[in-house]
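Trainee: Just to be clear, the model below is a prediction. Sequence and coordinates:
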Amino acid sequence: MFRIALPFAAALLAFNVAVSAFEITSPASDKYWVACSNNTLSWNSNSTDAESFAVALIDTSNTPTTPSLVNGNYQIANGLQTSAGSAVIELNCVSPASTYQVLFVNGSQYELEHPQVFFYGNSFEIKPNGTTPAPSSSTLGSGGLTPTVMSNGEIASPSASSSTAAAPSGAAAQFGSMGGATAAVLLGVVAGVAALL
């Protein structure tokens, strides 16, 4: 059984790298967010990515025995322009944990629990309210302006930013701008292969 699964997993990973596009540079394993605060979301993209997207937050440890304030995929932004490269997210007061992930999803076809996923980031930590924010790692948006996304998902007027560009970090699992069905199938296959190992 493992002889079949391992080559398949390797082929799947090679395919995944070939279609990579979006890359989330903040938050990341070394760039935490703070609950009940404004946090920087920054990303790299290319011309194959969707023009705009929504952002969902998930807690990968959310089980009946470890409840979280985040149930399923919790939308924290909508209508972000890919070319902006960054946004300030006004995060609600969620439970501190190191098991959160950010998903870039299709905002025009958003369905709770079944979003069309463009990209999912690596796990990162959300620290308690009152923690000193992580050093800024955002990239400047178009024209040097970074949009602010309010906790209700609305985009406020862009504000000038003086942050510097962040270097890409790590090789995250990426699905680029594939269709939702393809991304869902690949996510299911990856989960199935992981269960076999």
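Mentor: Happy to help now that I have it.
Trainee: what's around the residue lying closest to Tyr32 once chain neighbours are set aside, how many residues?
Mentor: Nearest residue to Tyr32, sequence neighbours excluded (C-beta to C-beta, 6 or more residues apart in numbering): Glu125, at 4.3 Å. All C-beta spots, glycine's among them, are computed from the backbone N, C-alpha and C. Burial of Glu125 is recorded as 19 neighbouring residues (other C-beta atoms under 10 Å).
Trainee: ok, Glu125 - contacts?
Mentor: The contact partners of Glu125, by C-beta atoms under 8 Å, 6 or more residues apart in numbering, come to Pro27, Ser29, Tyr32, Trp33, Pro96, Ala97, Ser98, Tyr100.
Trainee: which one of the residues you listed sits closest to Asn39?
Mentor: Relative to Asn39, the closest of those is Trp33; by C-beta to C-beta it sits at 4.1 Å.
Trainee: CA atoms of stretch 122-137 as PDB?
Mentor: Provided in PDB are the C-alpha atoms of stretch 122-137 (Å, rounded to 0.1, in the frame of the first residue of the first chain):
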ATOM      1  CA  ASN A 122       0.900  27.800   6.700                       C
ATOM      2  CA  SER A 123      -0.100  27.600  10.300                       C
ATOM      3  CA  PHE A 124       0.500  30.700  12.400                       C
ATOM      4  CA  GLU A 125      -0.100  31.900  15.900                       C
ATOM      5  CA  ILE A 126      -2.700  34.400  17.100                       C
ATOM      6  CA  LYS A 127      -1.600  35.900  20.500                       C
ATOM      7  CA  PRO A 128      -3.800  37.400  23.200                       C
ATOM      8  CA  ASN A 129      -5.100  40.900  23.000                       C
ATOM      9  CA  GLY A 130      -2.600  43.300  24.500                       C
ATOM     10  CA  THR A 131       0.500  41.500  23.000                       C
ATOM     11  CA  THR A 132       2.900  43.800  21.200                       C
ATOM     12  CA  PRO A 133       2.200  43.500  17.500                       C
ATOM     13  CA  ALA A 134       4.700  41.600  15.300                       C
ATOM     14  CA  PRO A 135       7.100  43.800  13.300                       C
ATOM     15  CA  SER A 136       5.500  45.000  10.100                       C
ATOM     16  CA  SER A 137       6.100  42.800   7.200                       C
END
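Trainee: tell me the SS of Ser83?
Mentor: Classification of Ser83 by DSSP: H, G, I helix; E, B strand; the rest coil places it in helix.
Trainee: do you know how far it is from Leu41?
Mentor: To Leu41, Ser83 is 14 Å away according to C-beta to C-beta, to the nearest Å.
Trainee: ditto for Gln109
Mentor: Taken as C-beta to C-beta, the span from Gln109 to Leu41 is 21 Å.
Trainee: Kindly report the same for Ser26.
Mentor: Distance from Ser26 to Leu41, by C-beta to C-beta: 7 Å.
Trainee: swap in Ile76?
Mentor: To Leu41, Ile76 is 9 Å away according to C-beta to C-beta.
Trainee: Looking at the two, which is more packed in?
Mentor: For the pair Ile76 and Leu41, the greater number of neighbours falls to Leu41 (28 against 25), based on other C-beta under 10 Å.
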